[in-house]
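Trainee: Make a model of this:
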Amino acid sequence: MDFTTEQRSQIQAPDASDRRLLELPTAIDKQTSVQAVLKSLNKLLSAIPHFDGIAMMLLTEDRRSLRLVACERGSAGPHVDLGAETPYAASAAGRAIEERRTIYVPDIRQEMSGFPQTASQASTSDLRSAYIVPVFTPRRKLGVLWFGTRVEAEAGADDIALMESVASHMATALESAMASDAYQRQLVAERDRWKLLLDINNHVTAFLDVSALFRAACSSLREYFNNDFAAIWLINKDQNRLQAVALDFPTSQGFLDDITLPELTADEIHRMRTRQPELWTRAEIQLLPAPVRDSFLAEGTESIAITALRTANRPLGVITLGSKRPDYFRPDDLDLMGQIATQISLALDNALAYERLNASRDQIEEERLYLESEIRAEYNFEDIVGKSAALRKVLQQIGIVAPTDSTVLLHGETGTGKELVARAIHSLSSRKGRTFVRLNCAAIPSGLVESELFGHERGAFTGALMQKKGRFEIANQGTLFLDEIGDISLELQPKLLRALQEQEFERLGSAKTIRVDVRLIAATHRDLPSMMRDNLFREDLFYRLNVFPIEIPPLRDRRDDIPLLVNFFVSGLARKMQKRIESIPKDAMEALTNAPWPGNIRELQNFIERAVILTQGSELRVPLKELRRSSAVSTSGSTFQEAERQAIVEALKTAQGKISGQGGAAERLGLKRTTLQNKMRKLGIARVSA
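Mentor: Now for the predicted structure:
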């Protein structure tokens, strides 16, 4: 559709009132004070020509009245003075605020006549009707806007929407301006005091070492007050007396250096806990115990300001400021000293806490390193490399069990990547944001496994110098991975079973029960059913662990993945060693793919690392002779395979072809049914009978 030049000019050039209307919300929102916001009312009449008067009333602090704060009467408005108030509860304006909706008043004179403050002015108005629009934000009710007109006709929906839009902008601007005004008043009132406190606090909080903290504090105090000395005295708990720990006294004659204060009484300690800052003249100094009095007077001290150092629970000591001039300190200084004492008390409490933490820093550092090692673990879920059917089956099982909190038992040969699978389960679970804690039960002496799992208290056994959290406690809300679970001693298994079943335990040396929420993933290369028959593993613990078993295939059962793994390891190791390896010889890749890899992925990775180290150019140099020797050693085990085949055949014959169940070949050989079936497929054994 084409527009004429006249139509186009009408579209592109709105009239003046329309432009003012479009600019109005921006003008209101830019105001930064309440008065500026209220002054913007005078733009409303010219921007909204449908109305002849506008006014704003805000709620008073007691929320009982509405006060007129701004009014643009025009030629028709009533002459009501600013500051006039009307009741809130019985007015149409109050109803508009409570119901949060615009209310139409058909007779504005009648509404004004109902209140003493405005009744006398009702007849001075030519306005006939009005709309009352509530001004509010989601956080507070502010007041109302009155839109008055000379006619009694009701406005259309567009006009009402416009009024409510203006009120909404006005509410937002008012709330912001009120907050700004209050903040400015607070800043003006406290600027000087906070500037001084900040200057001193910057010195005090810069030091965690107690001695350095006290020296900085005393220096700051003396420099600001320009007094002769500043000192900090702390309560020595062993001697129950105040002891000077810092003294900044450039003109000292040494009388305060070795002063020994008398032992504190219970009443004095209570006074220190509740004492407010005080000023002491020479008369009060004369009342001090003789050693203290004589030392102060020998230094020529004429006035002292003293305030207590204390926390919410206990007194810490006192700060004293001294001067050789009588009546040097003013009462105004006491309030400032009290605030400074609060700052120093907090810093002192933090410094003492720092010293306590510093005493156990070795343990903290040990825990930090452990957690960092978990976070920066070498493998993560994205490092599971492969596309073979055997691996896809494992990944499918991971996807099924990960969202649950069920216990998982991983079984597979050493080096197959059981920990990697455990991390994948954790990464896909709802606990992925919490800690993944691992423990290799075979790598720790059996006598220390219990301490590692459940922690211990200080003094629980010889060498237990500090309290230590166990892996169960560290893994709370997260996942605990116990590798080589089959190596846990028979004596410890009942306690582990209880921790898994009840999610509670006690640290060594403690009777306090600790409750946790831990998901367990266990792994082993051992034949746990065989161990149960030999009474080396508890049946009840096995059944608690074997909720969702996953069999991790050895590398020889997933040869399709070997080229992918080789490329993955070469890429990562070359980047780490800053080498540029662009190709792998075909014969080398075939040799790698056909090798037996009894050590599985771990052996393959170590072999590839050795190859990358030996490589000097852009082509991977694979030590094939070493690989052939390894294969020869492995193939010499063909006699073992033959013996294994013979044993399986004999067992099947004895069991009359029965594989599983009581008396089956799997039971006779001490193997799981699935393991026996896998071996039969690899060795090409069909089910036989006697």
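
Trainee: can we go C-alpha only for contacts and neighbour counts from here?
Mentor: OK.

Trainee: in the chain, which helix or strand is least confident?
Mentor: One helix or strand of the chain scores below all others by mean pLDDT, DSSP states H and E: helix 5-12, with a mean of 42.

Trainee: neighbours around R602, how many?
Mentor: Close neighbours of R602, defined as other CA atoms under 10 Å, add up to 16.

Trainee: who's in contact with it?
Mentor: G415, T416, G417 (CA atoms under 8 Å, 6 or more residues apart in numbering).

Trainee: ok, those vs S65, which is closest?
Mentor: G417 (74.9 Å; CA to CA).

Trainee: So which residues of the stretch 551-690 of the chain form helices?
Mentor: 562-576, 586-594, 600-614, 624-635, 638-654, 665-669, 673-683 (DSSP state H, counting those that start in this stretch).

Trainee: Start and end of stretch 53-67, how far apart?
Mentor: Counting by CA to CA, to the nearest Å, you get 17 Å between the two ends of stretch 53-67.

Trainee: coming back round to it: I'd like the helices of the stretch 551-690 of the chain as a markdown table, with distance to A308 and mean pLDDT appended.
Mentor: Rendered in a markdown table, the data for those read as follows (distance: least, CA to CA, whole Å; pLDDT from 0 to 100):
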| stretch | distance to A308 | mean pLDDT |
| --- | --- | --- |
| helix 562-576 | 60 | 88 |
| helix 586-594 | 77 | 87 |
| helix 600-614 | 65 | 89 |
| helix 624-635 | 78 | 64 |
| helix 638-654 | 84 | 72 |
| helix 665-669 | 79 | 80 |
| helix 673-683 | 76 | 79 |
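
Trainee: The closest residue to G617 other than its chain neighbours: what's it in contact with?
Mentor: Of all residues not flanking G617 in the chain, I581 sits nearest, at 7.0 Å (CA to CA, 6 or more residues apart in numbering). Going by CA under 8 Å, 6+ apart, I581 touches V570, S571, A574, G617, S618, E619, L620.

Trainee: Need the contacts of R602 in TSV (columns: pLDDT and distance to F249).
Mentor: Compiled in TSV, the contacts of R602 are given as follows (pLDDT from 0 to 100; distance: CA to CA, whole Å):
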residue	pLDDT	distance to F249
G415	86	70
T416	87	72
G417	87	68
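
Trainee: Give me the buried subset of these.
Mentor: Among the contacts of R602, those buried by neighbour count (16 or more other CA atoms under 10 Å) are G415, T416, G417.

Trainee: just the residues you listed now: which is nearest V318?
Mentor: Checking the buried ones among the contacts of R602 against V318 with CA to CA, the nearest one is G417 at 62.4 Å.

Trainee: ok so, going back, which stretch among the helices of the stretch 551-690 of the chain is buried most, on average?
Mentor: Among the helices of the stretch 551-690 of the chain, ranked by average contacts under mean count of other CA atoms under 10 Å, first place goes to helix 665-669 (a mean of 20).

Trainee: what helices or strands is that helix leaning on?
Mentor: Here helix 665-669 touches helix 638-654, going by 3 or more CA pairs under 8 Å, 6 or more residues apart in numbering; DSSP states H and E.

Trainee: re the thing from before, JSON lines for the contacts of R602, including secondary structure?
Mentor: JSON lines is the format used below for the contacts of R602 (DSSP: H, G, I helix; E, B strand; the rest coil):
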{"residue": "G415", "secondary structure": "coil"}
{"residue": "T416", "secondary structure": "coil"}
{"residue": "G417", "secondary structure": "coil"}
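
Trainee: quick one: which of those residues is nearest to D209?
Mentor: The closest of these to D209 turns out to be G417 (CA to CA; 47.5 Å).

Trainee: residue contacts, that closest one?
Mentor: Going by CA under 8 Å, 6+ apart, G417 touches I552, I601, R602.

Trainee: now with 10 Å?
Mentor: With contact set as CA atoms under 10 Å, 6 or more residues apart in numbering, G417 has these partners: Y379, I384, L410, I552, P553, P554, L555, N600, I601, R602.

Trainee: what about the fifth one, how many neighbours?
Mentor: The reference is to P553. Neighbours around P553, by other CA under 10 Å: 19.

Trainee: closest to A171 out of the helices of the stretch 551-690 of the chain?
Mentor: Distance to A171, taken as CA to CA, is lowest for helix 562-576 among those, at 60.0 Å.
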